[in-house]
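**Student:** the sequence isn't on hand, but the structure is:
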DNA sequence: TTGCTAAACGGAGGAACCCTCCGTATATAA
DNA sequence: TTATATACGGAGGGTTCCTCCGTTTAGCAA
């Protein structure tokens, strides 16, 4: 029997349970303490040894990625929904606004977004791809419909929206970001 | 002789020298290792005890602020210079572009910018004021000249530019940010 | 010059955190 | 029930943070 023949056992129940507890604890920890919660704190909350945490998520980024994968998915899905019910330009506009609202609601995601725009960090690769695809589709449709400038670049717009969301600004943060999206959209529209 | 009467000695020469060395070392450290250089590393580079570092700069942010105060000053000064030679709208546009270029040249400043937009962190208050004043002047002039929308808000624009600069995006970062400034400016112009 | 003293120095040390390694415990399959 | 692959948990070595305090030294006056 060679190594390739090894039969996989069913994953252990305790393993899955702990993984779940860790994700839960991490989410709570990020929300309460911010993106710099100590990993030991998370393990403590989950009532799990630190070793267990590291086995499930070998790196801090892996944990963040796991916590937010579902969230990012939801955000990306919103794009197709908007495209079905609105003219493409409006869909793009609304999606960018929803992006801001989303980040406003869960500010913790912001650092994670950092790795998403295509930077050297490949950690959030999966999430990054989802978001980029959503934005690309939106932009292409709007361009095809002649609603926005032909030279509008999805990557640029993503950069912009992430930037608005990422920059830790004042109490007026949310409203300000939305206004900026509006202005940006004005700049994008074909005159 | 009451406490108020105490005569201040001339500040000690070694103190001033060490302060200088620390700033030098910090600048180099930030540039090479990034914004997370260990403070002990900086002290080591400056050939100074860790205690000395903490006496001069009680917090990491205080050190960053000190390192970049001059840089921020230069950036702010650019605004008046531009206003003297260009129409206000163009001055605003160019200043925002110069902002991006500046941050591109010294990426380390970015985290420091975070605290500048008016967030809860009061650490970069001084620098923040300088930048905010520059932006406010530029926007007011451009508005008065009727070149940009009357509802353009300096704080929003600062938020935007900082966001563009702050978001850690890919290799195309610099060019992308400049394109975004251009689009934003298009959105700002009165039609 | 000399001596006094406020001011500055520097590093030991406790606390928190990161991450690895490995002995112990247990869920699954036979 | 037994065997063993798999998962658990935490001790421990290394790093960084920041404080505290005994030692050194630069400025000042006599």
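**Tutor:** Received the coordinates, thanks. Computed from a predicted model, the values in this text were never measured in an experiment. Numbers count the residues shown, from 1 in each chain, chains lettered A, B, ... in the order given.
**Student:** so which residue is dead centre in chain A?
**Tutor:** Closest to where the C-alpha atoms of chain A average out (CA atoms, centre = their mean) is residue A:72, at 4.0 Å.
**Student:** so that residue is in contact with residue A:127, correct?
**Tutor:** Yes - counting by CB atoms under 8 Å, residue A:72 touches residue A:127, with 4.2 Å between them. (C-beta placed from N, C-alpha, C; glycine too.)
**Student:** and the host helix or strand of the residue nearest to the centre of chain A, is it in reach of DNA strand D?
**Tutor:** Assigned by DSSP states H and E, residue A:72 falls within helix A:60-85. No - shown here: helix A:60-85 not in contact with DNA strand D (CB under 7 Å from any atom of the strand), separated by at least 14.0 Å.
**Student:** buried stuff in that helix?
**Tutor:** Buried residues in helix A:60-85, counted by 16 or more other CB atoms under 10 Å in any protein chain shown: A:60-61, A:63-69, A:71-72, A:75-76, A:78-79, A:82-83.
**Student:** immediately after the lowest-mean-pLDDT helix or strand in chain A, which helix or strand?
**Tutor:** Counting by mean pLDDT, DSSP states H and E, chain A has its least confident helix or strand at helix A:109-114, which shows a mean of 60. Sequence order places helix A:125-144 as the next helix or strand after helix A:109-114, per DSSP H and E.
**Student:** so which elements touch that following helix?
**Tutor:** helix A:60-85, helix A:88-105, helix A:154-166 (3 or more CB pairs under 8 Å, 6 or more residues apart in numbering or on different chains; DSSP states H and E).
**Student:** make a markdown table out of those and add distance to residue B:133 and mean pLDDT.
**Tutor:** As requested, those are exported to a markdown table (distance: least, CB to CB, whole Å; pLDDT from 0 to 100):
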| stretch | distance to residue B:133 | mean pLDDT |
| --- | --- | --- |
| helix A:60-85 | 37 | 90 |
| helix A:88-105 | 27 | 92 |
| helix A:154-166 | 22 | 91 |
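**Student:** quick one, which of the ones you listed is nearest to DNA strand C?
**Tutor:** Closest approach to DNA strand C among the helices and strands packed on helix A:125-144 is made by helix A:60-85 (5.3 Å; CB to the nearest atom of the strand).
**Student:** report the distance from the closest one to the chain centre.
**Tutor:** Offset of helix A:60-85 from its chain centre (CA atoms, centre = their mean, to the nearest Å): 6 Å.
**Student:** could you list the contact residues of chain A toward DNA strand C?
**Tutor:** A:7, A:9-10, A:12-14, A:38-41, A:50-51, A:54, A:58-60.
**Student:** from those, which would you call buried?
**Tutor:** A:39, A:60.
**Student:** flag the least confident of the residues of chain A next to DNA strand C.
**Tutor:** Here the lowest pLDDT out of the residues of chain A next to DNA strand C sits on residue A:7, with 63.
**Student:** can you tell me the closest non-neighbouring residue to residue A:52?
**Tutor:** Spatially, and ignoring its direct neighbours in sequence, residue A:52 is nearest to residue A:18 (5.6 Å; CB to CB, 6 or more residues apart in numbering or on different chains).
**Student:** the one you found contacts residue A:43, correct?
**Tutor:** No - counting by CB under 8 Å, residue A:18 does not reach residue A:43; the two are 9.9 Å apart.
**Student:** identify the contacts common to those two.
**Tutor:** Residues touching both residue A:18 and residue A:43 (CB atoms under 8 Å, 6 or more residues apart in numbering or on different chains): residue A:52.
**Student:** tell me if stretch A:41-51 is near DNA strand D.
**Tutor:** Yes - counting by CB under 7 Å from any atom of the strand, DNA strand D has neighbours in stretch A:41-51: A:48, A:49, A:50, A:51.
**Student:** out of these, the closest to residue B:138 would be?
**Tutor:** Nearest to residue B:138 among these: residue A:50, at 51.5 Å, using CB to CB.
**Student:** contact partners for residue A:139?
**Tutor:** By CB under 8 Å, 6+ apart, the contact list for residue A:139 reads A:92, A:148, A:152, A:153, A:154, A:157.
**Student:** what residues does chain A put near DNA strand D?
**Tutor:** Residues of chain A lying close to DNA strand D (CB under 7 Å from any atom of the strand) are A:6, A:8-9, A:11-12, A:14-15, A:17-19, A:48-52, A:54-56.
**Student:** again, 6 Å this time
**Tutor:** Proximity of chain A to DNA strand D (CB under 6 Å from any atom of the strand) is limited to residues A:8-9, A:11-12, A:14-15, A:18, A:48-52, A:55.
**Student:** max pairwise distance over these: which two?
**Tutor:** The two members of these with the most space between them (CB to CB) are A:8 and A:50, at 26.9 Å.
**Student:** count of residues packed around residue A:30?
**Tutor:** Around residue A:30 sit 23 other residues, with neighbours defined as other CB atoms under 10 Å in any protein chain shown.
**Student:** I'd say it and residue A:64 touch.
**Tutor:** Yes - counting by CB under 8 Å, residue A:30 does reach residue A:64; the two are 7.4 Å apart.
**Student:** what sits in contact with each of these two?
**Tutor:** In terms of CB under 8 Å, 6+ apart, residue A:30 and residue A:64 are not both contacted by any residue.
**Student:** grab the nearest non-local neighbour of residue A:50.
**Tutor:** Nearest non-adjacent residue to residue A:50, counting by CB to CB, 6+ apart: residue A:43, 4.6 Å away.
**Student:** which pair in the contacts of residue A:139 spans the largest distance?
**Tutor:** With CB to CB as the measure, no two of these lie farther apart than A:92 and A:153, at 12.8 Å.
**Student:** same drill for these two, tell me which one is more crowded.
**Tutor:** Neighbours per residue (other CB under 10 Å) separate residue A:92 from residue A:153, with residue A:92 holding more: 29 against 17.
**Student:** residues touching the nearest residue to the more buried one once chain neighbours are set aside, list them.
**Tutor:** Leaving out its chain neighbours, the residue that sits closest to residue A:92 by CB to CB, 6+ apart is residue A:138, at 4.4 Å. Neighbouring residues of residue A:138 by CB under 8 Å, 6+ apart: A:79, A:82, A:83, A:88, A:91, A:92, A:95, A:154.
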